[in-house]
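K.L.:
here's my sequence, what's the structure:
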Amino acid sequence: MSNPITGLTAGGAVWTPAFVQAIAQERCIGCGRCFKVCPRDVFDLVDRADVLDADAIDDFDGLDEDNAHVMNIANGLDCIGCEACSRVCPKNCFTHSSLPLAA
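P.N.:
Take a look at the predicted model:
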């Protein structure tokens, strides 16, 4: 990969953002913590049945009305790479990576 996008913290330290790439929806419990902490409206809550096949839904333990939804990446290009979503996720559902500088 070419040089990644980097920035500086307020203290002058170099920082490499890691942008959200995927959500493991089969593990997501639809708690909404990532949605609440995201400063850029990257996520959207959707019906589990709309994004997972029937076998994945059948394998989900404790499926009831409270967790009939999962988080989805709605506006991935708005992600700023802060990884706040990963820090609050109780099921470790997120995959992040740095991105190269645009040519």
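
K.L.:
which helix or strand contains residue 95?
P.N.:
Element membership for residue 95, per DSSP states H and E: strand 94-97.

K.L.:
for that strand, packing partners?
P.N.:
Other elements packing on strand 94-97 under the criterion 3 or more CB pairs under 8 Å, 6 or more residues apart in numbering; DSSP states H and E are strand 19-23, helix 84-88. Any C-beta I mention is one placed from the backbone N, CA and C, and that applies to glycine too.

K.L.:
could I get the average pLDDT for the first one?
P.N.:
For strand 19-23, the mean per-residue pLDDT is 97.

K.L.:
what's the first helix or strand after it?
P.N.:
helix 33-37.

K.L.:
would you agree residue 98 is in contact with residue 21?
P.N.:
No. Counting by CB atoms under 8 Å, residue 21 is not a contact partner of residue 98; they are 10.3 Å apart.

K.L.:
any chance of the helices and strands packed on strand 94-97 in TSV, plus distance to residue 38 and mean neighbour count?
P.N.:
Formatted as TSV, these follow (distance: least, CB to CB, whole Å; neighbours: other CB atoms under 10 Å):
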stretch	distance to residue 38	mean neighbour count
strand 19-23	9	18
helix 84-88	6	16
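
K.L.:
now render those as CSV, adding distance to residue 34.
P.N.:
Listed next are the helices and strands packed on strand 94-97 as CSV, based on distance: least, CB to CB, whole Å:
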stretch, distance to residue 34
strand 19-23, 8
helix 84-88, 4
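
K.L.:
closest to residue 69 out of these?
P.N.:
strand 19-23 (12.3 Å; CB to CB).

K.L.:
same for the closest one, what does it pack against?
P.N.:
If you count contacts as 3+ CB pairs under 8 Å, 6+ apart, strand 19-23 packs onto strand 69-73, strand 94-97.

K.L.:
how about a cut-off of 6 Å?
P.N.:
Where contact means 3 or more CB pairs under 6 Å, 6 or more residues apart in numbering; DSSP states H and E, strand 19-23 is packed against strand 94-97.

K.L.:
chain center to the strand it packs on: distance?
P.N.:
7 Å (CA atoms, centre = their mean, to the nearest Å).
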